[in-house]
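In: I'd like to go over a predicted model; first the sequence, then the structure.
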Amino acid sequence: MSSMNMKDGMNYAPLSKPEPVVKPGEYCFAAVSLDHGHIYGMCNGLVGAGATLKWVYDPDPNKVDAFVARYPGVKSARDLDEILNDPHIQLVAAAAIPNVRASLGIRVMEAGKHYFTDKGPFTTLEQLDQVKQVYAKTNKKYAVYYSERLHVESAVYADQLIKQGAIGRVVQMIGLGPHRLNAPSRPDWFFRKEQYGGIIADIATHQIEQFIYFSGNNDAKVISSTVANYNNKKYPELEDFGDVHIIGTNGATGYVRVDWLTPDGLRTWGDGRTVLLGTEGFIELRKYVNIASGEGGEHVFLVNQKGEQHIQASGLTGYPYFGQLILDTLHETEYAMTQEHVFKVSELTLLAQKNAIII
């Protein structure tokens, strides 16, 4: 279910099964700031849910040309203002350099549009506070592409199992987010800490979001966090390892580990896994690969009082988030994800990054 190269996480963009919630032309959006390949996954999700991709803008004409080749019919804007002044545009999707995601979002929200950003949505707590104020003033969404839960069918399927009570109450989650570095293909900003924000703020945001969501918490406390540069000394500002220990207000605990150490021998960009321990059983997700088996991803392993199951989730659930997000922006509802959830996940992630022990 993906386009692009499975070996390259920066350009991993699942294609959504068409599940339109609006008619053609009824919901228009734009794509801007094409700094990260996740913009393609974001657009695929929205288009699959029926949205019309009307505009694209980036100061780099090469990025725009590549984007238009993928989405024929999209119009190239002269500047961001041309998009923000279009009354038909309801949402702007962007994958800017991480430290400017908040300022771009503020411009979009103040122009009366909803904003959909790649993760991590912030690099500082100050940015988070500014966006909270703008949200309170404009009531426009600051939505975040937490792709490792929202654009992965095994994770959507696990959510359904948990809601059905298949493993009882979730009391612990282990979230592993290894990534391949592919250093030569990375832009300069990727190696500058002020711009990418640190490994926890960048990629552990996925696992912290999943912990809060799957464990049913609305708040948590970061107990400890560490970061290191173990194997990439020629990039002194890069952190290639990070981990976080977190406890939710309901008593569930989480352990998160992220890294840029995936070896070249793995046939995908990272062996992303989630293990969810419940009072009545456990679930393991092997999201992108089942190593040494010749099989791809989307594996759900369920063990509970009834026995053991292995479910191949490809094609079972689709990606309901995108349609829910469109409907939420139209009806001022919060079925896709609450704004409070986005802000809380961001706060915990930024605190874990800020207070991390440097190894």
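Out: Now that the structure is in, tell me what you want to look at. Residues are numbered from 1 along each chain as shown.
In: which helices and strands does the host helix or strand of residue 352 pack with?
Out: Under the criterion of DSSP states H and E, residue 352 resides in helix 339-354. Under the contact criterion of 3 or more Cβ pairs under 8 Å, 6 or more residues apart in numbering; DSSP states H and E, helix 339-354 touches helix 125-138, strand 142-145, helix 205-214, strand 220-228, strand 241-248. For glycine as for every other residue, the C-beta is placed from the backbone atoms N, C-alpha and C.
In: what separation do you get for residue 108 and residue 27?
Out: Relative to residue 27, residue 108 is positioned 16 Å away (Cβ to Cβ, to the nearest Å).
In: and residue 105, by the same measure?
Out: Taken as Cβ to Cβ, the span from residue 105 to residue 27 is 19 Å.
In: more neighbours, these two?
Out: More crowded of residue 105 and residue 27, by other Cβ atoms under 10 Å: residue 105, with 30 against 23.
In: so the more buried one, which of the three states?
Out: Assigned by DSSP: H, G, I helix; E, B strand; the rest coil, the conformation of residue 105 is helix.
In: also the one 4 residues further on?
Out: Counting by three-state DSSP, the backbone at residue 109 sits in helix.
In: pretty sure it contacts residue 133?
Out: No: taking Cβ atoms under 8 Å as the definition, residue 109 is not a contact partner of residue 133, at 10.4 Å.
In: tell me which of those two has more neighbours.
Out: Higher neighbour count among residue 109 and residue 133: residue 109, with 21 against 10, using other Cβ under 10 Å.
In: which SSE is the closest residue to that one other than its chain neighbours in?
Out: Excluding the flanking residues, the one nearest residue 109 by Cβ to Cβ, 6 or more residues apart in numbering is residue 140, at 4.1 Å. Using DSSP H and E, residue 140 maps to neither a helix nor a strand.
In: for this protein, where's the lowest mean pLDDT among helices and strands?
Out: strand 2-3 (a mean of 42; mean pLDDT, DSSP states H and E).
In: neighbours of residue 251, how many?
Out: Count around residue 251 with other Cβ under 10 Å applied: 11.
In: quick one: the nearest residue to it once chain neighbours are set aside from residue 160, how far?
Out: Closest residue to residue 251 apart from its sequence neighbours, by Cβ to Cβ, 6+ apart: residue 171 at 7.1 Å. Distance of residue 171 to residue 160, computed by Cβ to Cβ: 19 Å.
In: also residue 263?
Out: Taken as Cβ to Cβ, the span from residue 263 to residue 160 is 33 Å.
In: shouldn't residue 233 be within a helix?
Out: No: looking at residue 233 with three-state DSSP, it is coil, so not inside a helix.
In: gap between it and residue 240?
Out: Residue 233 is 10 Å from residue 240, by Cβ to Cβ.
In: got any ranges where the stretch 1-150 of the chain has weak pLDDT?
Out: 1-18 (pLDDT under 70).
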